[in-house]
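[1] Return atomic coordinates for the entry below.
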Amino acid sequence: MPSVNPANLLGLQYRQEASALPWRGPIWDVHAHINDVESARLFFQAADAFGIERVWSQQPYDQLDALRAEFGERIQFIAVPDYFRRNEPDTFTTNWLKRIEQFAAKGARCCKFWAAPRGRDLTPHLSLDTPIRREGMRLARSLGMMFMTHVGDPDTWFATLYRDANKYGTKPHQYEPLERLLDEFGDVPWIGAHMAGDPEHLDHLQDLLDRHANLYLDCSATKWMVRELSKHPLEFRSFVQRNPGRVLFGSDIVASKADMSFDLFASRYWALRTLLETDHDGPSPIVDPDLKMVDPSMPADSSPRLRGAKLDPASLGMLYHGAAKRLMRF
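    Numbers count the residues shown, from 1 in each chain. So this is what the prediction gives:
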């Protein structure tokens, strides 16, 4: 019996599928992780097929020169800590401050402050508003960088992985330090990764956008976005239309030697573009482990229903390209 391809349950020919999607304009992916040149070459084959013109990448610092030499301005760098040294005590403190300056010197114009709840398994310094994180933010601001942050995680994780609220907090608790910092650094644009961690509750996101003019969202983390936004595609369409220029396209694709697969990369772009551009209604081709995690009776290769929002061309143009171009000042 053939093994299941978790990135292509439906046996799609992704290059052919890409040519059938309606959008013909440029697309800028503001949230990816391109870790080395070899995996980048395969990644850009998928990016080319799906019309991805530019990519903002979070990658190891020691790969910057090689990536820039081969791909030029097509890759824009986002400053990140050295996650490969995440168990060393200075990785998120003094070493991180040095890396912000190093990334800025290489042209990075955005700085990532990762504060997912699971970061508390690593170090208390990953809380978003600790003194050392604020110091990093002041430094990044002085260097002309904008901020990206990851705070919330899926509701499915709070129902399972994060059930210990004494350790991880509740999901609403994740937004208290974020809101304080949005005000404290109100002159800096912030991108809330993964729909600010709350695609399940668009009313909450609307409240955040209404009260913080410097907050923007990206729609990265494909499995999560497909699972949750497909539950309310018309509400999502209205949300994007109500907030032109505040929602940006991102994939969260990780391109690394450990997991190089054209189908993996292409499946993320196919699913996101299908969600955004069409009124498709059918199974996602991507296995979503959260489904079985929440309901152990489900098969291990379960995938959610994908219901498209079919955004209008003006909304697509702003989400795919216009918002990023305006925000990044290109």
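
[2] Relative to T93, how far out is R138?
    14 Å (Cβ to Cβ, to the nearest Å). Quick note: C-beta positions are derived from backbone N, CA and C, even for glycine.

[3] Who has more neighbours out of those two?
    A count of neighbours by other Cβ atoms under 10 Å puts T93 above the other of R138 and T93, at 18 against 12.

[4] tell me which element the closest residue to that one other than its chain neighbours is part of?
    Computed as Cβ to Cβ, 6 or more residues apart in numbering, the closest residue to T93 that is not its neighbour in sequence is I132, at 5.0 Å. Assigned by DSSP states H and E, I132 belongs to helix 131-142.

[5] Just the C-alphas of that helix, formatted as PDB.
    Provided in PDB are the C-alpha atoms of helix 131-142 (Å, rounded to 0.1, in the frame of the first residue of the first chain):
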ATOM      1  CA  PRO A 131      13.100  44.200  30.400                       C
ATOM      2  CA  ILE A 132      15.600  42.500  28.000                       C
ATOM      3  CA  ARG A 133      12.900  42.300  25.300                       C
ATOM      4  CA  ARG A 134      12.100  45.900  25.700                       C
ATOM      5  CA  GLU A 135      15.800  46.700  25.400                       C
ATOM      6  CA  GLY A 136      15.900  44.800  22.100                       C
ATOM      7  CA  MET A 137      12.800  46.700  20.900                       C
ATOM      8  CA  ARG A 138      14.400  50.100  21.700                       C
ATOM      9  CA  LEU A 139      17.500  49.000  19.900                       C
ATOM     10  CA  ALA A 140      15.600  47.800  16.800                       C
ATOM     11  CA  ARG A 141      13.600  51.000  16.700                       C
ATOM     12  CA  SER A 142      16.700  53.100  16.800                       C
END
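
[6] average pLDDT across it?
    Mean pLDDT, helix 131-142: 96.

[7] now for the very next helix or strand once past that helix, which elements pack on it?
    Once the chain leaves helix 131-142, the next helix or strand it forms, by DSSP H and E, is strand 146-150. Helices and strands touching strand 146-150, as assessed by 3 or more Cβ pairs under 8 Å, 6 or more residues apart in numbering; DSSP states H and E, comprise strand 110-114, strand 190-192, helix 193-196.

[8] May I see those organised as JSON lines, with mean neighbour count, mean pLDDT and distance to L276 added?
    What follows is the helices and strands packed on strand 146-150, written out as JSON lines (neighbours: other Cβ atoms under 10 Å; pLDDT from 0 to 100; distance: least, Cβ to Cβ, whole Å):
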{"stretch": "strand 110-114", "mean neighbour count": "23", "mean pLDDT": "96", "distance to L276": "22"}
{"stretch": "strand 190-192", "mean neighbour count": "25", "mean pLDDT": "98", "distance to L276": "18"}
{"stretch": "helix 193-196", "mean neighbour count": "25", "mean pLDDT": "98", "distance to L276": "13"}
